[in-house]
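Participant: sharing a model prediction with you, sequence too.
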Amino acid sequence: MFEFLLRMGDNTLVLGHRVSEWCGHSPVLEEDIALANIALDLIGQTRMWLGLAGEVEGQGRDADALAFRRDAWEFRNLLLVERPNRDFGHTLMRQFLFDLWHHERLSDLCLSEDDRVAGIAAKCVKEADYHLERSKDLIIRLGDGSAESHRKMQDALEALWPYVGEMFSDDALDIEMAEAGIAPLPSSQRPRFDKAVNETLALATISRPENDFAQLGGRSGTHTEDLGHMLATMQFLQRAYPDARW
Amino acid sequence: MANDWPLWEIFIRGQHGLSHRHVGSLHAPDAEMAVLNARDVYTRRNEGMSIWVVKSEDVTASVPSRKGPMFDPSNDKTYRHPTFFDIPDEVGSM
């Protein structure tokens, strides 16, 4: 259960931090604020997931301790969310792929037999719904936009597609969670995801990569080098000045 | 970029029963994006429950240099303000 909650909370923590890196750097003011909102939503969701994880663990660690005092190999997030921002197209494509998965996942978790999980999911799903509306809209606009925006979105999809499969891969923990009625198998979401992603990509005139090779490892703690760099920035204050107070 | 995008005037209704109020403006490529952007720029602290967007160029405004002829005549006609009547207490506030 602790591991399952880390998976949920680490996804939103890492993506929330990545998105926050755009703050003050977005191409236009409106996007800057929109992205900052999304980052804040995700960090808020992290507080709930990691807060519950700390309670379940029972070792006295709260959400902050879990966020700022763990090293990369203890993180259980998907590799997709730790991919660097690169350009705006990459950031939005990463967001769209995540949002599509996340929205489905949270919708399923609303029906969890664990009331605490269902409760958090019910709060998060409204936010995820809005994130998806926005990222989907932008993917279509940019994919079906100018020649340059189309090329950038197609490039972004090619670069990120190897990280899609991990969202739907089942392991022993997933089977345990499914049997306990806490969360359905990730693989059960794939048909819905495929249908939705195909629809959006068609409207965006972006072609779906044929190779479904999936890069795995994030959910069991094997991360890309990029996560370490991100954590170095994110955790600096608590590492250099432990227990520092505002 | 934003420079190519038209400007939109944003109106937000704070709660049921109140009218939409002008809160500011922003850039967006079209009306749908203007609504989404307005949601993010102007309703971050639970300010709104309904949003209207209007292209700024569709707003026809009075001309500032005509302020005198437009508004001064109403300024010195106190009899247009019904402040000289005694309102019976039973009426309550009006």
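Facilitator: Received it, and whenever you're ready, just let me know what you need.
Participant: for residue 8, list the residues it contacts.
Facilitator: Here I'm looking at chain A. residue A:49 (CB atoms under 8 Å, 6 or more residues apart in numbering or on different chains). Backbone N, C-alpha and C define where each C-beta goes, glycine included.
Participant: um, chain B though
Facilitator: Counted by CB under 8 Å, 6+ apart, residue B:8 has contacts B:25-28, B:31, B:34, B:38, B:53-56.
Participant: so it sits in a strand?
Facilitator: Yes. Residue B:8: assigned to a strand according to DSSP: H, G, I helix; E, B strand; the rest coil.
Participant: remind me, longest helix of chain B?
Facilitator: helix B:31-42 (DSSP state H).
Participant: what does that one contact?
Facilitator: With CB under 8 Å, 6+ apart, helix B:31-42 has contacts from A:29-30, A:33-34, A:37, A:130, A:133-134, A:137, A:141, B:8, B:10, B:12, B:23-24, B:26-28, B:48, B:51, B:53, B:55.
Participant: how about that helix: buried residues?
Facilitator: Neighbour-count burial for helix B:31-42, counted by 16 or more other CB atoms under 10 Å in any protein chain shown, picks out B:33-34, B:36-42.
Participant: run the chain-centre distance for that helix.
Facilitator: 17 Å (CA atoms, centre = their mean, to the nearest Å).
Participant: which elements pack onto the helix or strand just after that helix?
Facilitator: Counting by DSSP states H and E, the next helix or strand C-terminal to helix B:31-42 is strand B:50-55. Packed against strand B:50-55 by the contact rule (3 or more CB pairs under 8 Å, 6 or more residues apart in numbering or on different chains; DSSP states H and E) you find strand B:7-13, helix B:31-42.
Participant: tell me how far strand B:50-55 lies from the chain's centre.
Facilitator: 11 Å.
Participant: same check on stretch B:54-62?
Facilitator: 12 Å.
Participant: for chain B, which residues are neighbours of chain A?
Facilitator: Applying CB under 8 Å from any CB of the partner chain, one finds that chain B approaches chain A through B:1-2, B:5, B:26-29, B:32-33, B:36-37, B:39-41, B:44.
Participant: same thing but 6 Å
Facilitator: Proximity of chain B to chain A is confined to B:2, B:26, B:36-37, B:40-41 under the rule CB under 6 Å from any CB of the partner chain.
Participant: quick one on the thing from earlier: tell me what angle the longest helix of chain B forms with strand B:7-13.
Facilitator: Per axes from the mean of the first three to the mean of the last three CA atoms, to 10 degrees, the angle that helix B:31-42 makes with strand B:7-13 is 60 degrees.
Participant: need the helix or strand of chain B with the lowest average pLDDT.
Facilitator: helix B:67-71 (a mean of 83; mean pLDDT, DSSP states H and E).
Participant: residues touching that helix, excluding its own?
Facilitator: residue B:62 (CB atoms under 6 Å, 6 or more residues apart in numbering or on different chains).
Participant: how far is it from where the chain is centred?
Facilitator: With CA atoms, centre = their mean, you get 20 Å for helix B:67-71.
Participant: output the buried residues of helix B:31-42 as CSV; include the columns pLDDT.
Facilitator: What follows is the buried residues of helix B:31-42, written out as CSV (pLDDT from 0 to 100):
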residue, pLDDT
B:33, 92
B:34, 95
B:36, 92
B:37, 92
B:38, 94
B:39, 92
B:40, 90
B:41, 91
B:42, 92
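Participant: how many residues are close by residue A:212?
Facilitator: Residues lying near residue A:212 (other CB atoms under 10 Å in any protein chain shown) number 10.
Participant: now do residue A:246
Facilitator: 2.
Participant: using the three-state scheme, assign it.
Facilitator: Classified using three-state DSSP, residue A:246 is coil.
Participant: if I look at it, how far off is chain B?
Facilitator: According to CB to the nearest CB, to the nearest Å, residue A:246 stands 21 Å off from chain B.
Participant: picking that back up, of all the helices and strands packed on strand B:50-55, which one is nearest residue A:240?
Facilitator: Nearest to residue A:240, of all the helices and strands packed on strand B:50-55, is helix B:31-42, at 33.5 Å by CB to CB.
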